[in-house]
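J.: My questions are about this predicted structure, shown below with the sequence.
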2 protein chains.
Amino acid sequence: MIKWYLIKEIRKIEPPVLSIDIGGTKIAMALVNGRGDIIARKTRPTLASRGPEAVIENLSSGIEDFLSESEIRPEGLNAISMAVAGVIDMKRGLITVSPNLPGWNNIPLRKIIYDKFKITTFLLNDADAAALGEYFYGAGQGLNTIIVLTLGTGIGGGIIINGKLYFGHSVSAAEIGHMVIDTNGPKCACGNRGCLEALASGTAVAREAISRIRRGGQSSLVEIAGGKPENITAEMVHRAAKEGDSLACEVIDRAAYYLGIGVVNLLNIFNPEMVIFGGSMAQMGDLLLQPVRQIISEKAYPHMVKSTSIVQARLGNDAGILGAAVYAMEQ
Amino acid sequence: MIKWYLIKEIRKIEPPVLSIDIGGTKIAMALVNGRGDIIARKTRPTLASRGPEAVIENLSSGIEDFLSESEIRPEGLNAISMAVAGVIDMKRGLITVSPNLPGWNNIPLRKIIYDKFKITTFLLNDADAAALGEYFYGAGQGLNTIIVLTLGTGIGGGIIINGKLYFGHSVSAAEIGHMVIDTNGPKCACGNRGCLEALASGTAVAREAISRIRRGGQSSLVEIAGGKPENITAEMVHRAAKEGDSLACEVIDRAAYYLGIGVVNLLNIFNPEMVIFGGSMAQMGDLLLQPVRQIISEKAYPHMVKSTSIVQARLGNDAGILGAAVYAMEQ
């Protein structure tokens, strides 16, 4: 739904950022103005399985269509800013590797898009973008030091220190999902054992529910998944738990236990003002967050517990889009 | 050994900092000039077991004696700066709790010393001080983002980001020793299980050696400890390992394994330029650091391995003294 009058109004005062969140299933595009308003948006499927070239072609034509529908020429933009899951080499604008984009290795997406549209282009990690979004327009407004955990298929992290995204020495910090908290735990996609992501992501929650049911556990999840336990997702576990399914509740409590330990580690290391849970799994709200807070209050130093809030993200799926826009506007 | 002529020379240009490292067994005092030279030093026993009042009395008279021997009046000092192990409330200048100082709870040491000598006084955590010392005068010179792990009885941490000590929101960050890496691991002094400190500190190394010998392990450590395995220390394990004792080598490799995983976590979270190992256990040098580097190269992302050096601290026991002085001079 494009608000034409608004686009025209805003364009007169400040050119918007074309902000793009490239996910495994869809590409979300939005025009974002300097006040953080999304003045137009459009989505199209990523077609990730067709490989890098097809996705880039699809992305480029998506941008063209969106700009033309919005009656904006590329030169009327402040910048193009793209958020993508995975290891991003920000210095060189490369997607080093992405869990959602099979076959993408060291692809210079920033340069490709710049060459096509001749507009300043940025590329950053989606969890970093989500952290910036929540910091500027969401739950973390007005604070100094926050950590945002994006819980979805994997677990992404974004760290804001003194109001700035923390990138580390070679711009690849905040891989919080790959913090090992159980050296003998299950194998993670990264190759190590017992990473937070392998124990408490949406994938881990679904896997744990499936494994419990295969070992004979009784649960309404079998019916919810149409009789096929292998199709169970974290979202289904959430639904079953809300209806009081005890296996589903135990699976969520287990994820909360590990998330709690992960957050205790972050409190001990960073002593942040706030830890924000975003991503699809954060939709579980207090069903997940209350047991997380309980573990933290049992296991963290009391002065840390007192000085840190553990809250749900506010921007939902728009965190990445808004954060990518903020990033472009800050440069 | 006090270099009188130097003290007199330096005092003319810039007043030195009286820097004090208060440990569980000794209080080390030094006069440090603006170039980081220790121009005089003196040590006395802490007498920690006699409780806070006696230690404070002992500290005060120690300062008086040292200043009088150095022919300096308190007003000739730039500042007094004290480094102490434990949780320090820097805003209020309190020792909240200290592992080395039994009975110290919320003791306002900064105010006590200020009231006595009427000189600007600072109080900081000893691992933070060591990190500053290594950053300004030791292994981390000229870098931006480093992490210093102080391996002794416990494991302390200090984090330098963009050349500044990172303190966190309520000034109690960098408790890296209490990062849980094995949720089912041995109990830690902090109450949790499987903290890095419980698996890889000097105390953990000694405990592991003792436990292996009690379970029937053969080792030259029994003789080194005078036939009393319960007296084994990490330093003895180091000595035995240097002479090729296989039990001692295995115990060090085990600590290195956990340190390696701890550092992989820090690389994933911080992506620092350098991780520096200090404290008494770092005296093991490559005997400890080589297996640590090996684990890191197996378990960290290759681009992180490439961009981070793992090195031994350079300042030895002076890191805390020099870092506390730097901290005072920076304020």
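T.: Thanks, I have it.
J.: from here on, contacts and neighbour counts on C-alpha atoms
T.: Noted.
J.: and A:Arg293, what is it in contact with?
T.: By CA atoms under 8 Å, 6 or more residues apart in numbering or on different chains, A:Arg293 lies in contact with A:260, A:310.
J.: Can you read off the pLDDT for it?
T.: Here the pLDDT value assigned to A:Arg293 is 98.
J.: Please look at A:Leu288 and A:Arg254 and confirm they touch.
T.: No - if you go by CA atoms under 8 Å, A:Leu288 and A:Arg254 don't touch, sitting 9.7 Å apart.
J.: Quick check on the two: which one has the bigger neighbour count.
T.: Just comparing A:Leu288 and A:Arg254: by other CA atoms under 10 Å in any protein chain shown the higher neighbour count belongs to A:Leu288, 23 against 19.
J.: Need the three-state assignment for that one.
T.: Secondary structure, DSSP: H, G, I helix; E, B strand; the rest coil: A:Leu288 is helix.
J.: Please identify the helix or strand for the nearest residue to it once chain neighbours are set aside.
T.: Once flanking residues are discounted, A:Leu288 sits nearest to A:Ala256: 6.0 Å by CA to CA, 6 or more residues apart in numbering or on different chains. In this assignment (DSSP states H and E), A:Ala256 forms part of helix A:246-270.
J.: A:Ala131 reaches A:Leu322, doesn't it?
T.: No - assessed by CA under 8 Å, A:Ala131 is found out of contact with A:Leu322, at 9.8 Å.
J.: ok, the residue in the stretch 201-331 of chain A that chain B sits nearest to - contacts?
T.: Per CA to the nearest CA, the residue of the stretch 201-331 of chain A with the smallest distance to chain B is A:Ile269, at 4.4 Å. Shown in contact with A:Ile269 (CA under 8 Å, 6+ apart): B:173-176, B:179.
J.: A:Lys164 versus that one, what's the distance?
T.: Distance, A:Ile269 to A:Lys164, by CA to CA, to the nearest Å: 18 Å.
J.: Who are the contact partners of the nearest residue to the residue of the stretch 201-331 of chain A closest to chain B once chain neighbours are set aside?
T.: Distances taken as CA to CA, 6+ apart place B:Ala174 nearest to A:Ile269, at 4.4 Å, with adjacent residues excluded. Neighbour list for B:Ala174: A:268-271, B:156-159, B:166-167 [criterion: CA under 8 Å, 6+ apart].
J.: and chain A, which residues reach chain B?
T.: Residues of chain A lying close to chain B (CA under 8 Å from any CA of the partner chain) are A:144-145, A:167-176, A:178-184, A:191-192, A:261-262, A:264-265, A:267-273, A:299, A:304, A:307.
J.: Inside helices: which ones of the residues you listed?
T.: If you go by DSSP state H, the residues of chain A next to chain B have A:261-262, A:264-265, A:267-270, A:299, A:304, A:307 in helices.
J.: wait, doesn't the residue nearest to A:Leu288 sit right on A:Asp286?
T.: No - using CA under 8 Å, A:Ala256 makes no contact with A:Asp286, being 10.6 Å away.
J.: From the neighbour counts alone, determine which of these two ranks first.
T.: A:Ala256 (24 against 13).
J.: ok, the more buried one - contacts?
T.: Contacts for A:Ala256 (CA under 8 Å, 6+ apart) come out as A:200, A:288-289, A:291-292, A:295.
J.: By neighbours, which of those wins?
T.: Neighbour max across those (other CA under 10 Å) = A:Ala200, 31 neighbours.
J.: Distance-wise, check it relative to A:Ala209.
T.: For A:Ala200, the distance to A:Ala209 - CA to CA - is 12 Å.
J.: pLDDT at the residue sitting furthest away from the middle of chain A, what is it?
T.: Relative to the C-alpha centroid of chain A, counting by CA atoms, centre = their mean, A:Gly216 is the outermost residue, at 33.8 Å. In this model, A:Gly216 is scored at 97, pLDDT.
J.: Phi, psi for it please.
T.: A:Gly216 has phi and psi values of phi 110, psi 0 when expressed as degrees, to the nearest 10.
J.: can you check A:Lys42 too?
T.: phi -160, psi 150.
J.: how many other residues sit next to it?
T.: Neighbour number of A:Lys42 under other CA under 10 Å is 17.
J.: what do you get for A:Arg73?
T.: 11.
J.: and the helix holding A:Ala256, average pLDDT?
T.: Helix A:246-270 comes out at a mean pLDDT of 97.
J.: And it, what's buried?
T.: Across helix A:246-270, burial judged by 16 or more other CA atoms under 10 Å in any protein chain shown covers A:246-249, A:251-270.
J.: Helices of the stretch 51-200 of chain A, residue ranges please.
T.: A:52-69, A:109-117, A:126-137, A:196-200 (DSSP state H, counting those that start in this stretch).
J.: Just tell me which of these ends up closest to A:Pro102.
T.: helix A:52-69 (7.9 Å; CA to CA).
J.: Make sure A:Leu18 is actually in contact with A:Ile80.
T.: Yes - look at A:Leu18 against A:Ile80 with CA under 8 Å: they come within range, at 4.7 Å.
J.: what pairs with the host helix or strand of A:Ile39, and is each one parallel or antiparallel?
T.: Assigned by DSSP H and E, A:Ile39 belongs to strand A:38-45. The strands beside strand A:38-45 in its sheet (DSSP bridges) come out as strand A:26-32 (antiparallel).
J.: Kindly calculate the angle that the strand it pairs with makes with helix A:52-69.
T.: If you take axes from the mean of the first three to the mean of the last three CA atoms, to 10 degrees, strand A:26-32 sits at 30 degrees to helix A:52-69.
J.: What residue, apart from its backbone neighbours, is nearest A:Arg314 spatially?
T.: Closest to A:Arg314 by CA to CA, 6+ apart is A:Gly138, at 5.1 Å.
J.: how about the one you found, phi and psi?
T.: Dihedral angles (degrees, to the nearest 10) for A:Gly138: phi -120, psi -140.
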